[in-house]
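> pasting the structure only:
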């Protein structure tokens, strides 16, 4: 999985640097030939980009391109995508199991597509529970890992197991049936305590890892006991599956749950957009690019909702960094020069500068929001 410490270190990479986003998906027909399509694209795009950079940097640029070419030749990727940051003092390769669009940049490291991918692919999780314990899995950016296990351990320390003790008086018959009933009742009592503890741990874990949704799965009796211990407001971010999935490896579990999670997300997105459109430009939410951009930059937005693949251009002041759709070349606020910038480049930066969570939506919800410009925001 991606390391959070690595992501924080990327902006400090020394310049100039080559940034390459490469679609290396082996399932893509273009990558099944020799040489693979990713390598052909890299060489072609590098020739175009080389002609646009200063002559003094062209040799250094070509050296970094060759390093990436060697990577593709000598270590054929198995991942769906690669992000490479290459420079005289830098060599950072990030494998991804999500779809990547081919891009090549020189100079400042380019994080736009990586930030979009992080916003598009929010982490989710699964808690598999049964009478033996619970296992916790995190799914993020196409990777799956088991993070934690809870084992149910029967505590017999204070129990007097009468059905194992010989009779005090010879000839006295022990009533094993009723004593075993008591034993089983005590087992069930400890199980119920364990299920409650498991429910509390699921909530804590989901909040720590910022997981949405959390799949809670297991045989009916056990999973229902855990589910019923979860508060109603937390259940809204969870998906209940009554099935024993404990035999699956993490990668197989991710594949098994993929469609259920996707359907859960599409349904949640549609409900979200319906609520947004019911509260346009009010005290709770705003809809449309102009009002949404303004409220973000005024520090009033808490969550940005954006249609996947939304394009377009904005103008940004090179001095105060204010951005909007106005055609003015001079910033009315500070008099600075305003330049055209791609919306996809500026939105992730705005969201992180103003601490705004980003929700990227698709499907029917995206179609509805696109009719209103493809942007909306919940307000603080």
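Thanks, I have the structure now. Small disclaimer: the values here were computed from a predicted structure and weren't measured.
> which segments of this structure make up each domain?
4-110, 124-247, 272-379 (automatic domain parsing).
> now for the second one, what's the gap between its first and last residues?
Between the opening and closing residues of domain 124-247 there is a gap of 20 Å (Cα to Cα, to the nearest Å).
> which helices and strands does the helix or strand containing residue 222 pack with?
Under the criterion of DSSP states H and E, residue 222 resides in helix 220-229. With contacts defined as 3 or more Cβ pairs under 8 Å, 6 or more residues apart in numbering; DSSP states H and E, helix 220-229 has these neighbours: strand 124-130, helix 176-209, strand 214-217, strand 238-241. Glycine gets a C-beta too; all of them are placed from N, C-alpha and C.
> worst average pLDDT in the ones you listed?
Lowest mean pLDDT within the helices and strands packed on helix 220-229: helix 176-209, a mean of 85.
> identify each buried residue in that one, please.
Neighbour-count burial for helix 176-209, counted by 16 or more other Cβ atoms under 10 Å, picks out 179, 183, 191, 194-195, 198-199, 201-203, 205-206, 209.
> and what of stretch 352-370?
Buried residues in stretch 352-370 (16+ other Cβ under 10 Å): 354, 356, 358, 359, 360, 361, 365, 366, 368, 369.
> who are the neighbours in contact with residue 46?
61, 62, 65, 104 (Cβ atoms under 8 Å, 6 or more residues apart in numbering).
> now with 10 Å, please.
Residue 46 makes contact with 18, 20, 61, 62, 64, 65, 66, 68, 69, 104, 106 under the criterion Cβ atoms under 10 Å, 6 or more residues apart in numbering.
> ok, now how distant is it from residue 105?
11 Å (Cβ to Cβ, to the nearest Å).
> with residue 243 instead?
The gap separating residue 243 from residue 105 is 45 Å, by Cβ to Cβ.
> those two: which has the busier surroundings?
residue 105 (18 against 12; other Cβ atoms under 10 Å).
> so the more buried one, which of the three states?
Here residue 105 takes the strand state, with states given by DSSP: H, G, I helix; E, B strand; the rest coil.
> surely it touches residue 19?
Yes. If you go by Cβ atoms under 10 Å, residue 105 and residue 19 touch, sitting 4.3 Å apart.
> what touches both of those two?
Common neighbours of residue 105 and residue 19, using Cβ under 10 Å, 6+ apart, are 85, 111, 112, 113.
> which stretches of the stretch 51-200 of the chain aren't confidently modelled?
For the stretch 51-200 of the chain, the stretches with pLDDT under 70 are 154-180.
> show me where it has helices.
Counting by DSSP state H, counting those that start in this stretch, residue ranges of the helices within the stretch 51-200 of the chain are 55-74, 112-120, 176-209.
> give the other helices and strands that the last one contacts.
Spelled out, that is helix 176-209. Packed against helix 176-209 by the contact rule (3 or more Cβ pairs under 10 Å, 6 or more residues apart in numbering; DSSP states H and E) you find strand 124-130, strand 133-140, strand 143-151, strand 214-217, helix 220-229, helix 232-235, strand 238-241.
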